[in-house]
Each structure stands twice: as structure tokens, then as C-alpha cells.
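>>> predicted coordinates and the sequence they were generated for:
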Amino acid sequence: MLDLKFIRENPEKVIKGLSNKNEKNRIDEVLELDKKRRAIIANSEELKSKRNQVSAQIPQLKKAGEDVSQLLAEMKHVSDKIAELDNELKQIESDLENILLFIPNIPHSSVPIGKSAEDNVEVRKWLPEGFSFEFENGFKPLDHIELGKKLNILDFERGAKISGSGFPVYKGKGATLERALINFMLDYHLEKHGYSEIFPPFLVNRDSMKGTGQLPKMEEDMYFIDKDGLFPIPTAEVPITNLFRNEILSEKDLPIKYVGYSACFRREAGSYGKESKGFLRVHQFNKVEMVKFVKPETSYDELESLVKDAEDILQELKIPYRILMLCSGDLSFSAAKCYDIETWSPAENKWLEASSCSNFEDFQARRASIRYRNEQTKKPEFVHTLNGSGLATSRLMVSLLENYQTPEGKVIVPKVLQKYTGFNIIG
RNA sequence: GGAAAGAUGCCGGAGUGGUUGAACGGGACGGUCUCGAAAACCGUUUAUCGGCGUAAGUCGGUACGAGGGUUCGAAUCCCUCUCUUUCCGCCA
């Protein structure tokens, strides 16, 4: 959520930011409602002040044996007027909130301006030693679906039978490899990058979803368990960021760095076509997520180190990747700045998004009311929140299987995973 | 799923209609004392909204789980909801 005061004082900046994000804006409506709101507050508070004064006198007058019935009648009238104003105020505030909750974050000044994914900027690329985009002797690499079937480690058909399309089943060494990947990534972030581990609930309430910005705008993309009012999480970002909802942290506790595994559930409403085959788009996948709570002045440095933390995993796994800085038009709802990490798929012959690292500044913190006490001013201030996938296993698995396949159709297990899998080749 | 009790400030815990934003205790912070520390003593210590002010600030409103109601006036009375604890049932 954007700061109402900021909107009031910098409407042109907000309008510009929203237009760079390809968003229609309702800032005029916001300003109009805000004006009305403040007028009513002034009016109502003046009456309340009067009521408080008179109410304090009444017991004294009574004690002195005076007749207060005239006063009571008068105050009844004042109270009725207050109730009327407060009802009006409540309506306006709810209208205002309904607009504000749908207004996305605005891009940071360092974000390139652009319309769509095509305007994203490649920041850097990393290729393992000896890597080539061409396989030797014209060898045609198998894609992950063919490999999965041939090696009997993935079963999309049976997943579709038991749940529906987009619910893959991992089998045998495939299941072990998936688990190894998760454990390797968690351990690495814990040991090398100084994160603490969180194992969060996979179902959260509406307030949590609102806090991180999934709701109300993206409700159609979320699973929802109506009977209990709970949402299966689309990412561990939701429960982990909401750990401190409605809390005031100590400045000395910051930065707080959490890493957690969760399954992720996404309806992906309206996604069809070849982009959605196999692992490329699924309803349930596994992800190791990093979440940071930091002081505002450090958040852009923290974003850079967050990206590096995710990159380290890929370098250890020796999987080719590139880093994109998302342009304004491609930024997600809550993000002020975001880097995507894409890994190489030789069979698809393209880059696949495997991680997204974002700085939300105080956008989520304001929605969820996550603050820290500034030691200098002694006042509560909003923290900045960041998160990044470190990483999502499904897309990563595509790159891993395809890059590590041998001409015989086997898959070598990356060196760093071997102590987790207990085997070094599949097939 | 059934029954009961409860939800107050950083923590514990008073408070059943009118100077209670909140007694008392603890913690934390500042000060006195001390070479230093402890103890003792003194003081400070919730958040949020609006007006005025560049600001420090100042004046006022609101908030005792959440929402609604009664009343001139609600932490206190009534209703609904949420959560917590305990007991019973079920259960990985």
C-alpha cells in the first residue's frame, strides 16, 4: 500500500510511477476522498471534544443537585450528529481503502522504463566452465519430459489422474533428487549466507494474503478453502513475511534473514499452450524462499546480496543462468524493483525463470504493519521487506536434467548434490 | 465435535458505568550515589488520526482481542465473531 500522505504530497510522482507500470490510476479519486475524509474528521472531533467536556461536568452538577435534563437532551442531539458524521466517515474510509489496496507499488528510480518482458535488461550472465550452447556432434538433447519418462523419475500422467494437470509426481531417484535439491539449498543458505530457517504453515488466512499483496487483486489466481477461510500459499513469502505482521521490531534485531522451504500452490488461471507443458507451469511446486526484513536505507544493498545468494546456488550446481532487471511494466504488483534469474534449457533452447528477487520497500510493511523502532527518533517506522526464490525447484529441475544429460540418455547428479542423493547418476 | 474459563500497556496483573491512557509489581532507559558496579532513591517509558507549525512542539480525537448496540458518558452493561487455555471425544 502506498502512503496516503505521500500520495497527497506527491501526486504527480505517483501518477508517473503508475503509468510506467502500465497501470490506470485513480489518484484523483483518492485525493478527493482524502479531502472529504479530513473535513469530516475535523467536524466530528470538534463535537466529540465538546461532548467530553460536558460529560465531565454532568456528574458534578448532579452532585450539586442541579437539574441536568436540559443538558442531557442537548448532548443527545450532539451524539446523534457525531454518529451521523462517523457513519459517513466510515463509508469514505472504506471506499478509500478499497482503492488503495488495488494500487500497486511504484518502480524505484533505477528501474528501466518499459512496457513488457521484452524491455527487461540483461544485467549479467554466468556459464559453467566448458559450457557450450551447442551439443557436440549435432546431438539433439532430450527435454525434461522425455528424460523423466525414459528414466522413470517423473510421472505427469498419473499426477493428472490423482489431482489434475499441473500436479507432477516425482518417482524413485527423481523424488530423491528433488529432496536433495531442497536440502542442499536450505543448508547452503543457512551455512554460507547467514539465514535462519523457518518451516511455515502452508495455509494462511486472508489478512496474511492481504499483507503481502496477493489480495485483493490476485484472488482469482489463488486457491481458496472456503470451508475454513484459508488460502494454500502461492509462495513461502506469504507466511514468512507475515510472521511480524502488526509487530514493532527492535532496530538492533535488523536485518532479519529467513529461509524456508514450502510447497507452492498456484491456480494459474488462464494459462494455456506450450508454455504450460511438463514442469514449465504447474499448480504445485517446491521452492526455497529467502525473506529479509531490513532498515530502509539498506534495502537496495540487501537486494543485490539477495540476488547473489541465489546465484551462488546455481554456480555450485554449475547451471548456466542470466540475470534480468525487470522493466517498470513487467514488475509485479508489490515490487519496487526486481531481478529475475533465468536458467538455460537446452531442449527448449531458451531461458526459464527460476527465481525472482524483489525489494518491496515499505509497500508490504505498510499493508501488514511491520515496523521497527528507530533508535534515534524513538519512533516506529516501517521496515523494508525483500524476498527471493533461492530457488524454485521445478524450473531448476528442467535445466538440471537437460544440462546434465549424457548422450546415452542418462543424467549425472551434480557434484554438490551427491552427498544428499547417495548416487551420482540416474539411468 | 462437546463443555468450561479467559483475552487489559514491553511483561505480570488490578479495575463492573463518570479526572482510568489505565492502580500495583517487574523490565527497560535516564539521573543521584560510587574509583567502578550492585543496592537504594528520583524520574521517564503505548499506538494511531486530525488541526496549527519548516521543525522541536502544541491543541484535540480515538483505542483495554475484533465488530456492532445501549447511554449525555463504556475497559466496565448487551449481542456477534475471532483467538487462547483446560477437560472430554477423535486422531497422524
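Received, thanks.

>>> so what's the closest residue to RNA strand B within the stretch 101-250 of chain A up against?
With Cβ to the nearest atom of the strand as the measure, residue A:248 is the residue of the stretch 101-250 of chain A nearest to RNA strand B, at 6.6 Å. C-beta: built from backbone N, CA, C; applies to glycine. If you count contacts by Cβ atoms under 8 Å, 6 or more residues apart in numbering, residue A:248 has them with A:371-373, A:380.

>>> could I get the contacting residues of the closest residue in space to residue A:409 that isn't next to it in sequence?
Of all residues not flanking residue A:409 in the chain, residue A:150 sits nearest, at 5.7 Å (Cβ to Cβ, 6 or more residues apart in numbering). Shown in contact with residue A:150 (Cβ under 8 Å, 6+ apart): A:142, A:409, A:427.

>>> turn the residues you listed into TSV, columns for neighbour count and secondary structure.
Shown next, in TSV, are the contacts of residue A:150 (neighbours: other Cβ atoms under 10 Å; DSSP: H, G, I helix; E, B strand; the rest coil):
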residue	neighbour count	secondary structure
A:142	19	coil
A:409	13	coil
A:427	15	coil
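
>>> near RNA strand B, which residues of chain A?
Within chain A, the positions near RNA strand B by Cβ under 7 Å from any atom of the strand are A:4-5, A:38, A:41-42, A:44-46, A:48-49, A:51-52, A:54-56, A:58-59, A:62, A:72, A:75-76, A:78-79, A:90, A:248, A:371, A:373, A:379-380.

>>> now which of these would you call buried?
Listed as buried from the residues of chain A next to RNA strand B are A:4, A:44, A:51, A:54, A:75, A:371, A:373; burial here means 16 or more other Cβ atoms under 10 Å.

>>> now, the residues you listed that are in helices?
Judged by DSSP state H, those include A:4, A:44, A:51, A:54, A:75 as members of helices.

>>> paired strands for the worst-scoring helix or strand of chain A on mean pLDDT, with orientation please.
Among the helical and strand segments of chain A, the one scoring lowest on mean pLDDT, DSSP states H and E is strand A:247-250, with a mean of 88. Looking at strand A:247-250 with DSSP bridges, its partner strands are strand A:370-373 (parallel).

>>> tell me how far the least confident helix or strand of chain A is from the chain's mean position?
20 Å (Cα atoms, centre = their mean, to the nearest Å).

>>> what do you get for stretch A:13-28?
On Cα atoms, centre = their mean, the centre of stretch A:13-28 falls 21 Å from that of its chain.

>>> moving C-terminal of the least confident helix or strand of chain A, what's the next helix or strand?
strand A:256-265 (DSSP states H and E).

>>> the helix or strand following that following strand to strand A:256-265, inter-axis angle?
From strand A:256-265 onward toward the C-terminus, using DSSP H and E, the following helix or strand is strand A:284-294. Here strand A:284-294 points in a direction 160 degrees away from that of strand A:256-265 (axes from the mean of the first three to the mean of the last three Cα atoms, to 10 degrees).

>>> so which of the buried ones among the residues of chain A next to RNA strand B is the closest to residue A:178?
Nearest to residue A:178 out of these is residue A:371 (Cβ to Cβ; 38.0 Å).

>>> gap between the closest one and residue A:385?
Residue A:371 is 11 Å from residue A:385, where distance means Cβ to Cβ, to the nearest Å.

>>> joint contacts of these two?
residue A:365.

>>> then residue A:358 would be within a strand, right?
Yes: Residue A:358: assigned to a strand according to DSSP: H, G, I helix; E, B strand; the rest coil.

>>> which residues does it bridge with?
Beta-bridge pairing of residue A:358 under DSSP bridges involves residue A:338, residue A:387.

>>> how about it, what does it touch?
So residue A:358 contacts A:303, A:332, A:334-339, A:386-388 (Cβ under 8 Å, 6+ apart).

>>> one step back: redo the contacts of residue A:150 as JSON lines? Include pLDDT.
Putting the contacts of residue A:150 into JSON lines (pLDDT from 0 to 100) gives the following:
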{"residue": "A:142", "pLDDT": "93"}
{"residue": "A:409", "pLDDT": "91"}
{"residue": "A:427", "pLDDT": "88"}
